[in-house]
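A.B. asks: no sequence on this one, just coordinates:
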Ligand SMILES: Cc1cc2nc3c(=O)[nH]c(=O)nc-3n(C[C@H](O)[C@H](O)[C@H](O)COP(=O)(O)OP(=O)(O)OC[C@H]3O[C@@H](n4cnc5c(N)ncnc54)[C@H](O)[C@@H]3O)c2cc1C
Ligand SMILES: Cc1cc2nc3c(=O)[nH]c(=O)nc-3n(C[C@H](O)[C@H](O)[C@H](O)COP(=O)(O)OP(=O)(O)OC[C@H]3O[C@@H](n4cnc5c(N)ncnc54)[C@H](O)[C@@H]3O)c2cc1C
Ligand SMILES: Cc1cc2nc3c(=O)[nH]c(=O)nc-3n(C[C@H](O)[C@H](O)[C@H](O)COP(=O)(O)O)c2cc1C
Ligand SMILES: Cc1cc2nc3c(=O)[nH]c(=O)nc-3n(C[C@H](O)[C@H](O)[C@H](O)COP(=O)(O)O)c2cc1C
Ligand code: FES
Ligand code: FES
């Protein structure tokens, strides 16, 4: 019970990538935060929201977030030294145990847990390709970081302002058979497209899903993936395509 | 919290030593019951009373008890296969770590934890003398047992019907300087006499004390040793003479 | 291992075992209810449904304390009209308790008329939510108002009606008077109003400040209430509160419960884990020579 | 480590720190009270004393549950006449709260007159013991009777009078009306009526069947009551219930308590162990830059 308590997190940096996209660096002591895990970020005056760290190393957690509403707006105004509160880690992370060729494919801010996964894969010397899809070049997040780890990194922009023009799912469609494992995270439509491609080509795939997380611990039912009975916060957020299929995500 | 729960104890034997003195053998699974520890014996229809086992080995606990009131009377009527309930172990046991010459001196049923201590000392190959004081030869409890372990065993009867005539404290008075450590347990007057002898001759001594134990876990105050602020159930039941002295047992 | 019969009967409704999904736990989506049924519950309780859908409070809606959990979900629910949809995936044989919440006798009558037409077995009136003004404890603290609510449902419904009690000074007299009105049984108990302050921020954790305490903390209170009600009235009871392992299930039954609600057990545990409880209960029965749950029911009552 | 000032004031009584030995814990013998004082408490509460000595219930008088403890001591106590003896070993500077129990206003007046003459700083009226008929919850459930009891003491006593509350439906209105009668503060809270059934024997553990739940289980309820009372009335409060580590002490103070009672913490722990709590509180204050307890008091109240 007493397990899930808040920890104080001190803002070290809060960097604007582009108008509504930020990297927040937090000094916080938390054990065992793996790629794909999420934490709950609590702003006592406002709300508590789920975030999947884009890195956690040496007591510093990076949260890459998009301003979409009140809480993320508030976060964008945080300054160095401010304190917020986090609890976690929650959920089940990516399974990175298989030694093989990984494709990491992120839609928008969904890239956050994937770049963290890339770090882990690089540490293990597993080969990976990192594909990031963003609206335009201003939103480019982790391409440089992926390259510096020795991975292959491919950018897709919707407006063609840099890298390939189009959606990262285009890459997946064309190269799916070159990989042993696909890791994906993005908006629902993106995830669905990844799901269908991997289901049909029978490639191993894990997708980090997003729903409204309220309790974060599997009791309120808010984060259910319709039709499947699966809970994002407890059974996920990372699900294998085969699990989703078995539980009726197709319906 | 959940720690102290009852265990079912099955009666294996309930042997009458003499009119109001019995050995009760219980089959019960309990961890780490050491000589000097006490357990609470619960008869759901009646009461719960403290007892210091006279042996615990291979899942069988021996309780040597004297019938003094309702609960012990009830216990004397238990038959093979009956079940009662026990919780523990509670309190602090005898410290048997010193390698030296031990004198174990028991008054009446107070001999119970001492014979258990004798077993432990024998296992360690420490030398000991076991002295038991009882009203008459019918009450003789553990003399044979002490001898069979290779210890010296001396009986005192109040009526002189066997062994030495008189009180075991007589033995202590005369031989106190032959020992490095005295372990004692008996009625209050006996304990007090042992206390004074050991205090004056500065021999190491541990005495197991008796008071009314109600909660057994240090909260109700019922088992206080007057003047000292010491609790039999939590600080004891085994106390060193130096601790008793420091806390004002003399007053 | 040999088997024991875990079936129980609750006001004429036969359950395959005494475990009942408590109201408010992963029970507001058809696929979640189906999953819970497949996990092996004897019956499922829906989230408390109000005449209109409710949003509920903002997160944090839960807090962890040393001995239990706090929640202030705020009766978030999809509304009574969603009931047929909620039950749409369940197989014919599934047993369902619909939980109703509201502010007035009219609210409850409105919802119970809908419930009456749905495939539900028991109607449970939640009069005891401790963190929504006008919808829970405010009702049960007022016995005559509670009786009006109860009457509005019992008088029109064809299903057995249970009242969900919270901890109040006067619940025993409510029980007695509710029985006179034709209530079939009681669900005992709801959470207890409580709160937690986070030591890092020095702020109340719950966005609503106050919430309901559940989990092991309240179990001894729930056992006492079940025991008191059963020893006085010998009626059908669902014991809920702090079941954390199979011994707690047996404890409720020994105190007089026929059904046992499972709620906070599901914090950080998937519903399939109730299997551990079922196996534990069955093993206990076999080991101790009980062949049916009814042999254990109320066995601890001291007369 | 640098130091923080732990002193607090409670209705004009200065305590060296906020920790107060709760009523009923190793407090019915002069040597035990002395030991507790030496262990470092800011004040000591006596066992609830009745006009005549009481035997109390037969063991088992305590039970262990997963989340807390149950007790049914039955108000065993040496009687009010023993008060001077009980306090006889304490040094001049020791702060003492005498707890009184009884059935009638006359009982309380009788005892408080004795208490008034003894070296005590505060008189606490225990109106909330949950397991003795006619002596606890039976009083506090009846507000006007409680007020009679309170008046009988307040009207004659020269000492500050605290009322010890239990969890009841109406405690906030009792607080408001008791303040009108001249009560100085409140001790919040007593144990909650509860029980445990032993799974091995399938029998209630306590000889009295029902007892009072204490320990971590009730802490979130106690914090809520302190918070509710403090935010409404801003009066002196002793928070008691489930303190298990220093964070619980801070939580009580942040909710509005000035003093913090230590009770179940002492299960299987000697009184000297409160040192750990004191050190923890002090370290927290130094780390977080608080120089006095009053800076933390009520800090969590949301306005
Ligand atoms: C497991 C998981 C990991 C996530 N990781 C990240 C991340 O790394 N970076 C990032 O930018 N975003 C992440 N999100 C999404 C993020 O939680 C929401 O963007 C955030 O909650 C919006 O809060 P708000 O108050 O600013 O917006 P609101 O005003 O509350 O709502 C704006 C939008 O956000 C969605 N939303 C609101 N609350 C939640 C919630 N509790 N859970 C999910 N979605 C919500 C709503 O559907 C709405 O469309 C993650 C979500 C989940 C479930
Ligand atoms: C640590 C400890 C270990 C003990 N070990 C043994 C043992 O191994 N064998 C043995 O025969 N006796 C032992 N006793 C004493 C034993 O607990 C009492 O004889 C027993 O409780 C009497 O219960 P009753 O109901 O039969 O008698 P009652 O009718 O309750 O009382 C008879 C007498 O026993 C004493 N007594 C009653 N209840 C208690 C109690 N809870 N604690 C202490 N004394 C009590 C009373 O002072 C009274 O003189 C031990 C006591 C303590 C404190
Ligand atoms: C998150 C959560 C939501 C709840 N929602 C409801 C509800 O909608 N209706 C209701 O009657 N009880 C509700 N409850 C109370 C539970 O049904 C149950 O009575 C209580 O939690 C005690 O059982 P437990 O200790 O097993 O959780 C809720 C409890 C929790 C923790
Ligand atoms: C063994 C025991 C005895 C108690 N005796 C009394 C008492 O005599 N008078 C009283 O007001 N409260 C009594 N209480 C209640 C405590 O003072 C306290 O209010 C309660 O235990 C909650 O605090 P805790 O959780 O820290 O124990 C007793 C509690 C216990 C466990
Ligand atoms: S957020 Fe509550 S169940 Fe997932
Ligand atoms: S028996 Fe209660 S303190 Fe020792």
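C.D. replies: All right, it came through fine. Source: prediction; values computed, not measured. Numbering: from 1, shown residues only, chains lettered A, B, ... in the order given. Ligands and ions are numbered 1, 2, ... in the order given.
A.B. asks: quick one: residue A:145 and residue A:116 touch, right?
C.D. replies: No: the pair residue A:145 / residue A:116 is not scored as a contact, 10.2 Å apart, by C-beta atoms under 8 Å. (Each C-beta comes from the backbone N, C-alpha and C, glycine too.)
A.B. asks: Of those two, which one has the most company?
C.D. replies: residue A:116 (28 against 16; other C-beta atoms under 10 Å in any protein chain shown).
A.B. asks: Enumerate every residue touching the more buried one.
C.D. replies: Counting by C-beta atoms under 8 Å, 6 or more residues apart in numbering or on different chains, residue A:116 makes contact with A:35-36, A:52-56.
A.B. asks: For the residue in chain A that ligand 1 sits nearest to, the count of nearby residues, please.
C.D. replies: Among all residues of chain A, residue A:69 sits closest to ligand 1, at 1.8 Å; criterion: C-beta to the nearest ligand atom. By other C-beta under 10 Å, the residues close to residue A:69 number 11.
A.B. asks: quick one: it and ligand 5, what's the gap?
C.D. replies: Look at residue A:69 and ligand 5: by C-beta to the nearest ligand atom, to the nearest Å, they are 17 Å apart.
A.B. asks: Which pLDDT does the model give that residue?
C.D. replies: We have a pLDDT of 94 for residue A:69.
A.B. asks: With residue C:140 instead?
C.D. replies: pLDDT, residue C:140: 85.
A.B. asks: Then the one 4 residues further on?
C.D. replies: According to the per-residue confidence, residue C:144 scores 90 in pLDDT.
A.B. asks: Let me know the helix or strand that it is in.
C.D. replies: helix C:143-154 (DSSP states H and E).
A.B. asks: Specify the next element, helix or strand, located C-terminal of that helix.
C.D. replies: strand C:161-165.
A.B. asks: contacting residues around stretch C:54-61?
C.D. replies: Outside stretch C:54-61, the residues that touch it by C-beta under 8 Å, 6+ apart are A:40, A:42, A:46-49, A:213-216, A:220, C:71-77, C:79, C:205-208, C:211.
A.B. asks: at 7 Å what do you get?
C.D. replies: A:42, A:47-48, A:214-215, A:220, C:71-77, C:205-208 (C-beta atoms under 7 Å, 6 or more residues apart in numbering or on different chains).
A.B. asks: and the gap between the closest residue to ligand 2 within chain C and ligand 6?
C.D. replies: Residue nearest to ligand 2 within chain C: residue C:302 (19.6 Å; C-beta to the nearest ligand atom). Per C-beta to the nearest ligand atom, residue C:302 is found 24 Å from ligand 6.
A.B. asks: tell me the helices in the stretch 101-250 of chain C, going along the chain?
C.D. replies: Secondary structure of the stretch 101-250 of chain C by DSSP state H, counting those that start in this stretch: the helices cover C:105-117, C:137-140, C:143-154, C:171-180, C:219-233, C:246-255.
A.B. asks: Please tell me the pLDDT value assigned to residue A:28.
C.D. replies: 96.
A.B. asks: same check, this time on residue C:103
C.D. replies: So, for residue C:103, pLDDT stands at 91.
A.B. asks: Likewise for residue A:2?
C.D. replies: Predicted confidence (pLDDT) for residue A:2: 48.
A.B. asks: what's the answer for residue C:1, then?
C.D. replies: With respect to pLDDT, residue C:1 has a value of 55.
A.B. asks: out of the contacts of stretch C:54-61, which are inside strands?
C.D. replies: Counted as lying in strands by DSSP state E, out of the contacts of stretch C:54-61, are A:42, A:48, C:71.
A.B. asks: quick one: which of the residues you listed is nearest chain B?
C.D. replies: Nearest to chain B out of the ones in strands among the contacts of stretch C:54-61 is residue C:71 (C-beta to the nearest C-beta; 22.4 Å).
A.B. asks: what residues are up against that closest one?
C.D. replies: For residue C:71, the contact set (C-beta under 7 Å, 6+ apart) comprises C:61-62, C:191, C:211-212, C:214.
A.B. asks: what about residue C:85, which SS state?
C.D. replies: helix (DSSP: H, G, I helix; E, B strand; the rest coil).
A.B. asks: With adjacent residues omitted, what lies nearest to residue 88?
C.D. replies: Unless you meant another one, I'm taking chain A. residue A:39 (3.3 Å; C-beta to C-beta, 6 or more residues apart in numbering or on different chains).
A.B. asks: wrong chain, I was asking about chain C
C.D. replies: Counting by C-beta to C-beta, 6+ apart, residue C:30 is the residue found nearest to residue C:88 once chain neighbours are left out, at 5.1 Å.
A.B. asks: can you count the residues close to that neighbour?
C.D. replies: Residues lying near residue C:30 (other C-beta under 10 Å) number 19.
A.B. asks: Run a quick check on it versus residue C:89, I expect a contact.
C.D. replies: Yes: counting by C-beta atoms under 7 Å, residue C:30 touches residue C:89, with 4.1 Å between them.
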